[in-house]
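Participant: build me a structure from this.
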Amino acid sequence: MVKIGVILGSVRSKLGESVFNYLQSTYSDTNDVQFDWIKLDDFPLEPYHHDETPLSEGIQDLKANEKRWLSQLNHEDGYVIVTPEYDHAIPGTLKNALDYVGPEVNRKPVQIISYSYYSDGGMLAAASFVEILQMLKMIVLPTPVLLWNANTNFTPTGHLVLDAKNSDHFSERLDDAFHEIRFYTKLLHEHPFE
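Facilitator: Here you go, the predicted structure:
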């Protein structure tokens, strides 16, 4: 069995919670895939302040919540990261959380889902995210999911508003993305890079 961590990369967004709740209610564990539902808000991390560069050396003197964050990532075989767009990029709290990361995510696949209240669907956040994830040596799936004007499509309890514009497209695109991350997570888990 492989584990896929679905990470909500915002600590303040009601819209992010709505999207996250929809994903959690729609995509269930199977015989070969377990989803772990991870909220960044459950790992309150100080601005990165360690002297070490995690990609080249282990971090010394980790605090308990920092250890929990890295341990959670280490136990996943693949990832879906759900992010809003703040000022044409990902939130600072998400970038800070990734600054702690080193070998825990090395050569593991990741799918980006971005959402926005506006018509761009978080396109610039998704684009800015790719280089960060590649720097962490993650395998970024080629097509991010962009959820534009998402506030009209998702209820706070995690339902897709079926008669809202774009709901059919969003449903299909998310199904495709979850199929793709399952496929590549299993493939790379069974055939690790050597």
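Participant: T83 belongs to a strand?
Facilitator: Yes - judged by DSSP: H, G, I helix; E, B strand; the rest coil, T83 forms part of a strand.
Participant: skip the chain neighbours and tell me the closest residue to it.
Facilitator: Of all residues not flanking T83 in the chain, G9 sits nearest, at 4.2 Å (Cβ to Cβ, 6 or more residues apart in numbering). From N, CA and C alone the C-beta is placed, and that goes for glycine too.
Participant: what do you get for Q34?
Facilitator: Q34's closest residue in space is K3 (Cβ to Cβ, 6+ apart), at 5.0 Å.
Participant: and for L62?
Facilitator: Spatial nearest neighbour of L62, excluding adjacent residues (Cβ to Cβ, 6+ apart): L70 at 7.3 Å.
Participant: same question, H75
Facilitator: Excluding the flanking residues, the one nearest H75 by Cβ to Cβ, 6+ apart is K3, at 6.2 Å.
Participant: list the contacts of that neighbour.
Facilitator: Contacts for K3 (Cβ atoms under 8 Å, 6 or more residues apart in numbering) come out as V33, Q34, F35, D36, H75, E76, D77, G78.
Participant: how about I112?
Facilitator: I112 is in contact with I81, T83, A126, F129, V130, L133, V140, L141, P144, V145, counting by Cβ under 8 Å, 6+ apart.
Participant: wouldn't the last one be in contact with I113 here?
Facilitator: Put plainly, it is V145. Yes - in this structure, V145 is within contact of I113 by Cβ atoms under 8 Å, at 4.3 Å.
Participant: touching both of the two, which residues are there?
Facilitator: Shared contacts of V145 and I113 (Cβ under 8 Å, 6+ apart): L174, A177.
Participant: cool, thanks, talk later.
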